[in-house]
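1. Just need the structure, nothing else, for what follows:
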Amino acid sequence: MTSVYRRGKNWVASYRGADGLWKAKTAGTDKSMALQLANKLETDSMLRREGFVDATMEKTKASAAVPLAEHVAAWIESLRSKGVTRARTRVAAYRLNRLAAKADTWAGVTPELLRAFLKELRSAENASNLTHNGYVQMFRQFCQWMVREGRATNSPAASLAMLNAKTDRRHVRRAFTVSELRELLAATAAGPVRYGMTGGERVMLYRLAAETGLRSGELRALTRQCFRLDDSPPTINLDAAFTKNRQYAVLELRADTTIALRTFFAGKLPRARAFNMPPMWNIIDILKADLEAAGIPYADDMGRVLDFHSFRHTCGAWLAASGAHPKVIQSIMRHSDIRLTMDTYGHRLMEQESQALAKLPDLSLPPESESLRATGTMDSHASISAENALKTKGLFGHSGAVVCHHESGYNNATKPAIDAEKPHESRASAAVAQLVERSFRKA
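-> Here you go, the predicted structure:
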């Protein structure tokens, strides 16, 4: 039976080899990859022990001589068949074809080659840790596909390590302030046509992006029929084919935005595009020009930028600042994991927690009480005061012993009469008696 165990930072796959002896092989930092490798090695060893000729092994040997570019093309085609967006398939093809330029065939794709490729990427091209991790994930996905398809026996990318992207952030975006966004919308409305988009169309695009958190590609896919302005409440319905997580999205609209959209869509056919957006690489040029017209710098003194995705960041940040529950923010932003919501807007939510805690009642003791209790004199002072009060009331004898109520003629029958006679003294005596009782219990 196969198993995996930790050795330092890496997982080790343990399996029984063809000779019947147990063997171990380092499988990288991913436990699932280690389990997959252990099962694969165990299966291959069993086939060798039983004397079977595995057709997969023959296929693997044949595919090792096939040009790597052909394997890459087959993988890209499989991504398209699964509905992966064109933008993601373009990125995958670009990164894998760069690797194919380093290794002609699959046999040349070794862990040493992949590590050398990534090292050159960071040193020669000054790539960030985030870019490095993107390449690592792409290599892993491609190599896993090669193993699943029987084109390879193991993954040379299993041992590749991820880097901490938080320590090397190159592109840090920020959210708009309310005044900045209003200034941007005012300047854009008065601005000229940019890349085929009028000022009014850009205003509606920016406003919708900030209020709904829709991404650039999702806004580009919107048609007139996606807007259900007559529903209660009015919503945007976006098909799963156009969302990042491939889930059907329904986003509620504000009442004032609904009124503006009715005017904006007047005369548009149901299948017409909602916005005449240019290619994605021109969107940032449009926004930079509108920011300059509004007198808003693209990057602030801390290097944080305002790009198109900042509208989505603004939506989440403003929701957090308004006091919305994190689960509500997660739902509106369509995050699959609450940790993503907390990591992105956690500073805003922590501010709310601090404000909420500050509104709780102050339970700290007065300074005098704290100092007396810390020195242990508070209880002794209270006991002495209580004893003096009891002596004054005749509840202590000359020897300091407590006089019982029934011996002094005090009982439940006479208590109401005494309380009626001297209500204030009666209540005071009861309070003192309770204090004395607590003092004796402590003693």
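2. surely residue 217 meets residue 242?
-> Yes: judged on C-beta atoms under 8 Å, residue 217 makes contact with residue 242 at a distance of 7.1 Å. In this view, the C-beta of every residue, glycine as well, is placed from N, C-alpha and C.
3. Tell me which of these two has more neighbours.
-> residue 242 (20 against 15; other C-beta atoms under 10 Å).
4. quick one, phi psi at that one?
-> Note on residue 242: its backbone torsions stand at phi -110, psi 0 [degrees, to the nearest 10].
5. And the one 4 residues further on, by the same measure?
-> The phi and psi values for residue 246, taken as degrees, to the nearest 10, are phi 60, psi 40.
6. measure the closest residue to residue 170 other than its chain neighbours to residue 117 for me?
-> Among residues not flanking residue 170 along the chain, residue 128 sits closest, at 4.5 Å (C-beta to C-beta, 6 or more residues apart in numbering). Distance of residue 128 to residue 117, computed by C-beta to C-beta, to the nearest Å: 16 Å.
7. same deal with residue 175?
-> From residue 175 across to residue 117, the span is 36 Å (C-beta to C-beta).
8. Show me what the mean pLDDT comes to for stretch 252-261.
-> Per-residue pLDDT over stretch 252-261 has a mean of 94.
9. Oh, that last question was meant for stretch 162-176, not what I typed.
-> The model assigns stretch 162-176 a mean pLDDT of 89.
10. So which bits of the strand or helix carrying residue 113 are buried?
-> Assigned by DSSP states H and E, residue 113 belongs to helix 111-124. Within helix 111-124, the residues scored as buried using 16 or more other C-beta atoms under 10 Å are 114, 117, 118, 121, 122.
11. cool, and stretch 35-50?
-> Residues of stretch 35-50 classed as buried: 35, 36, 37, 38, 40, 41, 42, 44, 45 (neighbour count, 16+ other C-beta under 10 Å).
12. What is the nearest of the residues you listed to residue 85?
-> Nearest to residue 85 out of the buried residues of stretch 35-50 is residue 36 (C-beta to C-beta; 26.9 Å).
13. Run through who's touching the helix or strand harbouring the closest one.
-> Here residue 36 sits within helix 31-50, counting by DSSP H and E. Contacts to helix 31-50, defined as C-beta atoms under 8 Å, 6 or more residues apart in numbering, come from residues 2-4, 11-18, 20, 23, 25, 27-28, 54, 57, 140, 144, 147, 153-155, 158.
14. now do stretch 287-295
-> Here stretch 287-295 makes contact (C-beta under 8 Å, 6+ apart) with 180, 183-184, 186-188, 191, 194, 202, 206, 297-298, 306-308.
15. Just the buried residues of the residues you listed.
-> Among those, the ones that count as buried by 16+ other C-beta under 10 Å are 180, 183, 184, 187, 188, 191, 194, 202, 206, 306, 307, 308.
16. so where's the stretch 201-350 of the chain shaky on pLDDT?
-> Along the stretch 201-350 of the chain, the parts satisfying pLDDT under 70 run over 346-350.
17. Which stretches in it count as strands?
-> 227-228, 235-238, 249-252 (DSSP state E, counting those that start in this stretch).
18. For residue 278, find the nearest of those.
-> Closest to residue 278 of those, according to C-beta to C-beta: strand 235-238, at 20.4 Å.
19. Residue 153 against residue 63, yeah?
-> No: taking C-beta under 8 Å as the definition, residue 153 is not a contact partner of residue 63, at 10.3 Å.
20. okay, and the common contacts of these two?
-> Counting by C-beta under 8 Å, 6+ apart, residue 153 and residue 63 have no common neighbour.
21. And the helices in the stretch 251-400 of the chain?
-> Ranges of helices within the stretch 251-400 of the chain are 255-264, 280-294, 310-321, 326-333, 338-358, 367-375, 377-393, based on DSSP state H, counting those that start in this stretch.
22. about what we covered before: closest to residue 285 among the buried residues of helix 111-124?
-> residue 121 (27.2 Å).
23. Quick check: the gap between the closest one and residue 68.
-> Taken as C-beta to C-beta, the span from residue 121 to residue 68 is 18 Å.
24. List the residues that contact the residue nearest to residue 170.
-> Residue 128 neighbours (C-beta under 8 Å, 6+ apart): 165, 168, 169, 170.
25. To what extent is the third one buried, counted in neighbours?
-> Close neighbours of residue 169, defined as other C-beta under 10 Å, add up to 13.
26. What is the burial count for residue 272?
-> Burial of residue 272, expressed as a neighbour count using other C-beta under 10 Å, amounts to 12.
27. Isn't it up against residue 227?
-> No: using C-beta under 8 Å, residue 272 is not in contact with residue 227, being 11.2 Å away.
28. Got the phi and psi for residue 5?
-> Note on residue 5: its backbone torsions stand at phi -150, psi 160 [degrees, to the nearest 10].
29. swap in the one 10 residues further on?
-> For residue 15, the backbone dihedrals (degrees, to the nearest 10) come out as phi -150, psi 160.
30. and it, bridged to which residues?
-> Going by DSSP bridges, residue 15 is paired in beta bridges with residue 23.
31. residues near it, how many?
-> For residue 15, using other C-beta under 10 Å, the count is 22.
32. Cross-check the contact I'm expecting between it and residue 2.
-> Yes: under the criterion of C-beta under 8 Å, residue 15 makes contact with residue 2 at 4.9 Å.
33. related to what we said a few turns ago, of the buried residues of helix 111-124, which is the nearest to residue 87?
-> For the buried residues of helix 111-124, the nearest to residue 87 is residue 121 (20.7 Å; C-beta to C-beta).
34. just the helices in the stretch 1-150 of the chain please.
-> Under DSSP H, counting those that start in this stretch, the stretch 1-150 of the chain gives helices at 31-50, 55-64, 68-81, 86-100, 111-124, 129-148.
35. Worst mean pLDDT among those?
-> Note on the helices of the stretch 1-150 of the chain: helix 55-64 shows the lowest mean pLDDT, a mean of 68.
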